[in-house]
Each structure stands twice: as structure tokens, then as C-alpha cells.
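*Asks:* Next input, structure requested:
(one chain, ligands or ions: 1)
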Amino acid sequence: MLIKSQDNGFIHPASSEITPQRVYAGRRNLMKLMATGAAGAAMASWAAREAFAQTEKPGKLATLPGAKSAVSGATLMEKVTEYKDASTYNNFYEFGTDKADPAKNAHTLQPRPWTVEIEGMVKKPGKYTQEDQLKLSAQEERIYRLRCVEGWSMVIPWVGYSMSELIKKVEPTGSAKYVEFISQADPKTMPFVGSRVLDWPYVEGLRLDEANHPLTLLTFGMYGEVLPNQNGAPVRLVVPWKYGFKSGKSIVKIRFTDKEPRTAWNKAASQEYGFYSNVNPSVDHPRWSQAAERRIGEDGLFAKKRKTLMFNGYEAQVASLYTGMDLKKNF
Ligand code: MTE
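*Replies:* Numbers count the residues shown, from 1 in each chain. Modelled structure (predicted):
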């Protein structure tokens, strides 16, 4: 984002910390091997032993499984990023601006108990005093690409449900046009809140129809477990066709409004970060190209960058939201 990251303190969790995700990977590998049929049978039986041995080990975080999603485009058939990368290479400026800072510092966040307040132009405002009360709907697993504006991407199995389920429940009034997502900003538990990097709290926003799109995920977990603090526990948004910064973390307020919300990055640098922030390879960031991306975990010396796809690959599902709009102006 605005700050040039040094990316030098990349830390790896102790092996005990990544056991549950090895279990996850084991299960996934097993499924893949099973799918290879007879030729893979011997390997599969070996993988089966390994996967089942691993599932016996206790998880570090509480498990949060999700059923396979029926939403179109929700399950990307690409190699999933390693958990250790997805949970140690993060942007969460409340805990520091280096990619390694959130994993080092976010242990001070207290994700339970948690309150999310729904307010503004809705017939049924209210306070959800426990994260569990927000779990209104069956949890689904969705394998989404997350493409950061900085030029890197990951593929993550998230667990949550469509934001539209919550919207249905709180009943926006006819005047509501936008939804504002406000993150926790507690200087006691978030050491960088108070720094001048951003105007706190972190605020993001969507048009109501974007928030209502079935791909927009209210997210409670990843890799079959509750979210680690550094990924936005206990609840965050994931909007897969937009740059990652639209996906606010550790949300405490959801406000329905008739005005386009002033978002944290838009306030910090409006010429660089627009309200829409749809992934669009043909609109350069003023200081760099957005045509290609580096997939985290594939960063060897000779690893080729991947071409960035329009709407991050979700064009078939979401392009109709923007019919008639100039997406170069509305970046
Ligand atoms: N939410 C809050 N509250 N604070 C942040 O700094 N960073 C954003 C987004 N949500 C951010 C945030 C950015 S820039 C990105 S790319 C994604 O979170 C990163 O999510 P991840 O760390 O789970 O990959």
C-alpha cells in the first residue's frame, strides 16, 4: 500500500503450529490422489495412511468446517496457498506495516467475546454480542483468489457464508445504497492504531448490490479452522473480485447508508485507491502496473509472474454489476 514494505522479517511458525493445516493439506492431497484413479492407487493408500494419521492430532485453533459451496465461482480449482504463508504474510496495519508484523503482534487481539453492531438504514438494527450469534447461516468453504493491490496473490480456503444472508435478516430500508464496514480500533490491543499511517478505524465500503452478491463472503474461518487473529478474527469480509484491501478485518460495525462511505485508503490517497477497486489489469496503479501478480509460495528466483485476470477471474459472475460504468474512471 502506501508504505514500502521491507519484507525481510519473514517468519515461519513452529511446526506444532501448522499441524492442523498439514491435516488439511493431507486430506486435500488424498482427494487429489484418489482422483488420479488406478495409476495412483498405491500412492493413494500411502497418502490415506498419512492423512488419517495426521487427523488424529489436535488442532491449534478451533475447527470450523464448511460444506462445499454451490455458489457459482466459489471453488477455484487451483493449488491452495500453504497455511504458513497465508498466516505469516499479511496486511493488517493495526499491528504494523511489515508483512510479518501481524503474525508477530496480533496475539494481543481479543477476538472472543466480540460485538458486531448493525446500524443505519435497516429495519432491524442490533448488536450481535457474540461472534457465534452472527453465524446465521450454514458455513461454506470457498476457495478464493485474494489479489493484493501490491501485486501478489494467494489462494485461500475461507469459511463463512454469503453476506446477503445477513442483509436479508436486517432488512435494509429503501434508502440504503451502500454498506460501510468498520474495523476494531483499540490502541490497547492494536499497537499501530494511533500511528499516522491511516485515519483509524479502518473503514471499507461496498455498494449494497455488491455486498448482496453471492460471492461476497462474511468470513469466520480458513483452512477448516476459525480465523487466526492476523487474518482478521473473529469476522472479516472477503470480496474476491476486488483488491484485498476492500476485505476489512476484525469488523465491529456494519452500517447501511445512502452515501458512498469514505474508506480508509481512499482518505489516505484518493488518487491511488478508488472506492470500487475492482481488480482490473488494464488500470495501472499510479506508481506501478497491475497487469501481473506474484503468487505467494511460488517466489523462487525463476518463478514467472501470473497474468492478472479482469475482476480477479470472477468476471462471469460479477461483470453485470458494472454494466455501463467506465471502470477506468471508477477505479
Ligand atoms: N483490514 C484491516 N482492518 N486493516 C488492514 O490493514 N489490510 C487489507 C485487508 N483488510 C487491512 C484489512 C489489505 S491491504 C489486504 S491485502 C488484506 O486485508 C490482506 O488479508 P490477509 O492478510 O488475510 O491476506
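*Asks:* C-alpha from now on. contacts and neighbour counts both.
*Replies:* Will do.
*Asks:* near the ligand, which residues of the stretch 151-300 of the chain?
*Replies:* Counting by C-alpha under 6 Å from any ligand atom, the residues of the stretch 151-300 of the chain close to the ligand are 183, 202, 231, 244-245, 247-249.
*Asks:* what's near enough to touch the closest residue to Lys267 other than its chain neighbours?
*Replies:* The shortest distance from Lys267 to any non-neighbouring residue, by C-alpha to C-alpha, 6 or more residues apart in numbering, is to Asp199 (7.6 Å). Neighbour list for Asp199: 264, 267-268 [criterion: C-alpha atoms under 8 Å, 6 or more residues apart in numbering].
*Asks:* Let's see the pLDDT reported for Pro125.
*Replies:* With respect to pLDDT, Pro125 has a value of 97.
*Asks:* Highest neighbour count among the contacts of Asp199?
*Replies:* Using other C-alpha atoms under 10 Å as the neighbour criterion, Ala264 leads those with 23 neighbours.
*Asks:* hang on, isn't that one packed against Arg196?
*Replies:* No - at 11.8 Å, Ala264 does not count as touching Arg196 under the criterion of C-alpha atoms under 8 Å.
*Asks:* picking up where we left off before, make a markdown table from the residues of the stretch 151-300 of the chain next to the ligand and add secondary structure, pLDDT and neighbour count to it.
*Replies:* Below are these laid out as a markdown table (DSSP: H, G, I helix; E, B strand; the rest coil; pLDDT from 0 to 100; neighbours: other C-alpha atoms under 10 Å):
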| residue | secondary structure | pLDDT | neighbour count |
| --- | --- | --- | --- |
| Ser183 | strand | 98 | 23 |
| Tyr202 | coil | 98 | 23 |
| Asn231 | helix | 98 | 26 |
| Gly244 | helix | 98 | 23 |
| Phe245 | helix | 98 | 24 |
| Ser247 | coil | 98 | 24 |
| Gly248 | coil | 98 | 24 |
| Lys249 | coil | 98 | 27 |
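*Asks:* Val159 in helix, strand or coil?
*Replies:* Following DSSP: H, G, I helix; E, B strand; the rest coil, we place Val159 in the strand state.
*Asks:* how about the helices of this structure, start to end?
*Replies:* Assigned helices in the chain, in chain order: 19-35, 41-55, 83-86, 101-105, 163-170, 208-211, 264-268, 315-318 (criterion: DSSP state H).
*Asks:* mind listing what the nearest residue to Met77 once chain neighbours are set aside touches?
*Replies:* Excluding its sequence neighbours, the residue lying closest to Met77 (C-alpha to C-alpha, 6+ apart) is Ile143, at 8.0 Å. The neighbourhood of Ile143, defined by C-alpha under 8 Å, 6+ apart, consists of 74-77, 80, 155-158.
*Asks:* try Leu309
*Replies:* When contacts are counted by C-alpha under 8 Å, 6+ apart, Leu309 touches 279-281.
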